[in-house]
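Chemist: fold the following.
(chains A and B)
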There are 2 protein chains.
Amino acid sequence: MLSEPVLPTVGDGSGIEPDRRIYPEELQLALRNKALPLEGLHYDVTPTGLHYTLIHYDIPAVDVTTWHLEVGGQVHTKLSLTLEELQQRLVQTLRVTLECAGDGRALLHPRPLSQPWLTGAVGTAEWSGTPLRLLLEEAGIGEGVSEILFTGLDRGIEGGVEQDYQRSLPLSVALHDDVLLAWAMNGAPLEPQHGSPVRVIVPGWYGMAHIKWLRAITALLTPFAGYQQAVAYRYSQSREQPGKPVTLMRVRALLIPPGIPDFLTRVRVVQHGSVELRGRAWSGRATITHVEVSCDGGSTWALAEIGEPQGAYSWQSWWYLWDASPPGTYELCCRAHDSAGNVQPLEQHWTARGMGNNAVQRVRVLVM
Amino acid sequence: MLSEPVLPTVGDGSGIEPDRRIYPEELQLALRNKALPLEGLHYDVTPTGLHYTLIHYDIPAVDVTTWHLEVGGQVHTKLSLTLEELQQRLVQTLRVTLECAGDGRALLHPRPLSQPWLTGAVGTAEWSGTPLRLLLEEAGIGEGVSEILFTGLDRGIEGGVEQDYQRSLPLSVALHDDVLLAWAMNGAPLEPQHGSPVRVIVPGWYGMAHIKWLRAITALLTPFAGYQQAVAYRYSQSREQPGKPVTLMRVRALLIPPGIPDFLTRVRVVQHGSVELRGRAWSGRATITHVEVSCDGGSTWALAEIGEPQGAYSWQSWWYLWDASPPGTYELCCRAHDSAGNVQPLEQHWTARGMGNNAVQRVRVLVM
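Modeler: The predicted structure follows:
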């Protein structure tokens, strides 16, 4: 024994860091949680091992042969299902773009301390599973139920609170036809880091709602007030204010950095001439109407071409032909608009927990 | 255009950083390159999406239908093979543990600037492919050939040098029966980030030798002196000295952090009582003879149990029953010994490029 057991803190304890340099504790998180390298935007469907992951605690090693899903709380008939029993029900497959609500957090200044995402906490996969609605109808929702709570097998300490990872959905959202209990990703059983054997898929919502390693579904009469619901995933200007809940993904476009990279700085080098810029755009709130590209850091903008939609919940491809000349340093940007009138901001939307930062991407390019 | 095109630098330009805080450029690399979360040591064979990746430049999107492997240089018959043609030859499958030579770099003080690995740039997979030796014999090695050069499709700038990723092996190593041209990992085609469609597997060597996105194999009369061979992967005390080449993996053990984590600091919390510690150990240079565990930061050591070897090139499991009491703060360590007499050091082996740092792992645990 070295000393009394006391949890350490990072920084000055405020959870907000003014210096742009990163703490070793944040680096630990960056090495555990995986971004999509932006050239991975090339694929309509993200290869499984390239899809982003954000894992709050440890990845549970779940024995599929003994795993059960419990459906309880205010229901008429409690259910306890094996994986095989769950899979005997109707199967639905959806192509869904998933982004972490904290994507872009480490670009904020000052920086909220948590997983230090830059850009790329996103991916698109084909998820297959049983519609949640069928299971809820089978169990029979009790009178007065307002929310459905999901509990994962992952357990840890966060904000001083020891907890299972838990979040709820309003009943009306949980009953949507396209909310899935998914056991397959891109045609194969879920890998451990994606929630094996079963995770929730809530198309359009940020990643925190897609509970992994699901063990229980509970019908509640009153709103769930656990840490991940009432404290962590909130839009607010201080960590003390309750703020508003994080829900649907904000509109966003990302581009594949053109040319070749410098290893250490990731600055791009492009030969002057015609360069095709390509990327993806998505919104959890509406459909993408147009994407604009700027080659001068956001001073002037031009319209990109947009590909065909690939389902209601998938990102869309876009491309733009850039005349990269004369030689010099350029800053490329892109921004998407959706049919609800949302557009990405040029400047950061700062929030105390670094949620929903969809400010336009900036890519520095040296044209030679 | 914002300015003349000039590649930026990081830090003071020395490539060595005394401060423990991390530059944003290093964070970019940490979010691209993926460590094995240490609870992933649970699996004998690492699930594909959990296996570490280190990618110098961008992941090429290779069209398998037009890809060819060229075998040339000082050979009697040049070859040009499609993937299908390569796959028609003898297939061999090997379970191989692969570690990045830079694993542990960001634990060094002062810190060499590059990919800032902590621990866990490692994984074990089942690789299937054609023995390289067969192809070299088919082509017929010319007289006086001393090395075989491998060229990948990945291209970028490093140390100011624009380059394809290239490295060579001495002819005697390249002719070893177990060097593979692998097109499958864990029974499936390679995912893009693991080198699709074909990568080299050189069992026992650090990861830099296992060239991904292979496009050419070239027989050379003289030693290859490219950047990745003569500059980057070297053991030296300054970046100006040539030093010695990095080759086989050094002996190492890692343990799965017990208990549950605190989200931000990853400090572990364990209930007092009996706790089974588990982990893996490997060496590219010999077989593992024993693994020791310390629960007091390396002052006293006890022998762990070791599992059966799983092939000549795979890590081995080990376990140790720890009496975690009384409550307090503990520092767990483990260290492996191999049959060549190598043992992990308690203190860092500092080198200017942060290669081969196999100092013992330290895991802080709060026993409650």
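Chemist: alpha carbons only for contacts and neighbour counts from here, please
Modeler: OK.
Chemist: how much space separates whichever residue of chain A sits closest to chain B from A:Asn186?
Modeler: Minimum separation of chain A from chain B (CA to the nearest CA) falls at A:Gly49, amounting to 3.8 Å. Applying CA to CA, to the nearest Å, the value for A:Gly49 to A:Asn186 is 11 Å.
Chemist: and what of A:Ala281?
Modeler: From A:Ala281 to A:Asn186 the distance is 20 Å (CA to CA).
Chemist: looking at the two, which is more packed in?
Modeler: A:Ala281 (27 against 18; other CA atoms under 10 Å in any protein chain shown).
Chemist: surely that one and A:Ile288 touch.
Modeler: Yes. With contact defined as CA atoms under 8 Å, A:Ala281 counts as touching A:Ile288 (7.0 Å).
Chemist: now do the shared contacts for those two.
Modeler: Listed as contacting both A:Ala281 and A:Ile288 by CA atoms under 8 Å, 6 or more residues apart in numbering or on different chains are A:Val251, A:Gln316, A:Ala336.
Chemist: got a markdown table for these, with distance to chain B, neighbour count and secondary structure too?
Modeler: As requested, the shared contacts of A:Ala281 and A:Ile288 are exported to a markdown table (distance: CA to the nearest CA, whole Å; neighbours: other CA atoms under 10 Å in any protein chain shown; DSSP: H, G, I helix; E, B strand; the rest coil):
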| residue | distance to chain B | neighbour count | secondary structure |
| --- | --- | --- | --- |
| A:Val251 | 22 | 27 | coil |
| A:Gln316 | 19 | 21 | strand |
| A:Ala336 | 23 | 26 | strand |
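Chemist: what about A:Gln237, neighbour count?
Modeler: Quick note: A:Gln237 (other CA under 10 Å) scores 15 neighbours.
Chemist: would A:Leu41 count as being in a helix?
Modeler: Yes. Under DSSP: H, G, I helix; E, B strand; the rest coil, A:Leu41 sits within a helix.
Chemist: how far away is it from A:Leu254?
Modeler: Distance, A:Leu41 to A:Leu254, by CA to CA: 8 Å.
Chemist: and for these two, which residues touch both?
Modeler: Here A:Leu41 and A:Leu254 share the contacting residues A:Gly279, A:Arg280, scored by CA under 8 Å, 6+ apart.
Chemist: can you show me the strands along the stretch 251-368 of chain A?
Modeler: A:252-255, A:260-261, A:268-270, A:273-282, A:288-294, A:302-303, A:305-306, A:316-324, A:328-338, A:361-367 (DSSP state E, counting those that start in this stretch).
Chemist: tell me what angle the longest one forms with strand A:361-367.
Modeler: What that stands for is strand A:328-338. 150 degrees (axes from the mean of the first three to the mean of the last three CA atoms, to 10 degrees).
Chemist: could you pull up the mean pLDDT of strand A:328-338?
Modeler: Strand A:328-338 carries an average pLDDT of 97.
Chemist: for it, packing partners?
Modeler: strand A:252-255, strand A:288-294, strand A:361-367 (3 or more CA pairs under 8 Å, 6 or more residues apart in numbering or on different chains; DSSP states H and E).
Chemist: what would these look like in JSON lines with distance to A:Ser325?
Modeler: Shown next, in JSON lines, are these (distance: least, CA to CA, whole Å):
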{"stretch": "strand A:252-255", "distance to A:Ser325": "19"}
{"stretch": "strand A:288-294", "distance to A:Ser325": "14"}
{"stretch": "strand A:361-367", "distance to A:Ser325": "7"}
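Chemist: deepest of these, which one?
Modeler: Here the criterion is mean neighbour count by mean count of other CA atoms under 10 Å in any protein chain shown, and of the helices and strands packed on strand A:328-338 the winner is strand A:252-255, at a mean of 26.
Chemist: and that strand, C-alpha only, in CSV?
Modeler: The C-alpha trace of strand A:252-255 is given here as CSV (Å, rounded to 0.1, in the frame of the first residue of the first chain):
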residue,chain,number,x,y,z
ARG,A,252,-22.2,18.4,-40.4
ALA,A,253,-20.0,17.8,-43.4
LEU,A,254,-16.4,16.5,-43.4
LEU,A,255,-13.9,16.3,-46.3
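Chemist: chain center to it: distance?
Modeler: Mean-position distance between strand A:252-255 and its chain equals 14 Å (CA atoms, centre = their mean, to the nearest Å).
Chemist: cool, stretch A:347-366 as well?
Modeler: How far stretch A:347-366 lies from its chain's middle: 15 Å, per CA atoms, centre = their mean.
Chemist: just the buried residues of that stretch, please?
Modeler: A:348-366 (16 or more other CA atoms under 10 Å in any protein chain shown).
Chemist: which residues make contact with stretch A:300-307 from outside it?
Modeler: A:His290, A:Val291, A:Glu292, A:Val293, A:Ser294, A:Cys295, A:Gln316, A:Ser317, A:Trp318, A:Trp319, A:Tyr320.
Chemist: ok, back up a step: the helices and strands packed on strand A:328-338: which one's closest to A:His272?
Modeler: strand A:361-367 (5.5 Å; CA to CA).
Chemist: given that closest one, what are its sheet partners and their directions?
Modeler: strand A:268-270 (parallel), strand A:328-338 (antiparallel) (DSSP bridges).
Chemist: who in the stretch 51-200 of chain A is up against chain B?
Modeler: Contact residues, the stretch 51-200 of chain A versus chain B (CA under 8 Å from any CA of the partner chain): A:56-59, A:61, A:114-115, A:117-118, A:155-158, A:191-193.
Chemist: give me that answer again for 10 Å
Modeler: Contacts of the stretch 51-200 of chain A with chain B, taken as CA under 10 Å from any CA of the partner chain, map to A:51-52, A:55-61, A:106-107, A:113-121, A:154-162, A:191-194.
Chemist: so how far is A:Thr53 from A:Ala30?
Modeler: 11 Å.
Chemist: higher neighbour count, those two?
Modeler: Shown here are A:Ala30 and A:Thr53; by other CA under 10 Å, A:Ala30 has more neighbours (26 against 22).
Chemist: which SS class is the residue of chain A closest to chain B?
Modeler: helix.
Chemist: measure the residue lying closest to A:Trp319 once chain neighbours are set aside to B:Asp63 for me?
Modeler: In this structure, A:Trp319 finds its nearest non-sequential neighbour in A:Arg278, 4.3 Å apart by CA to CA, 6 or more residues apart in numbering or on different chains. Here the criterion is CA to CA. By it, A:Arg278 lies 17 Å from B:Asp63.
Chemist: neighbour count: those two, which is higher?
Modeler: A direct count of neighbours by other CA under 10 Å for A:Arg278 and B:Asp63 places A:Arg278 higher, at 21 against 10.
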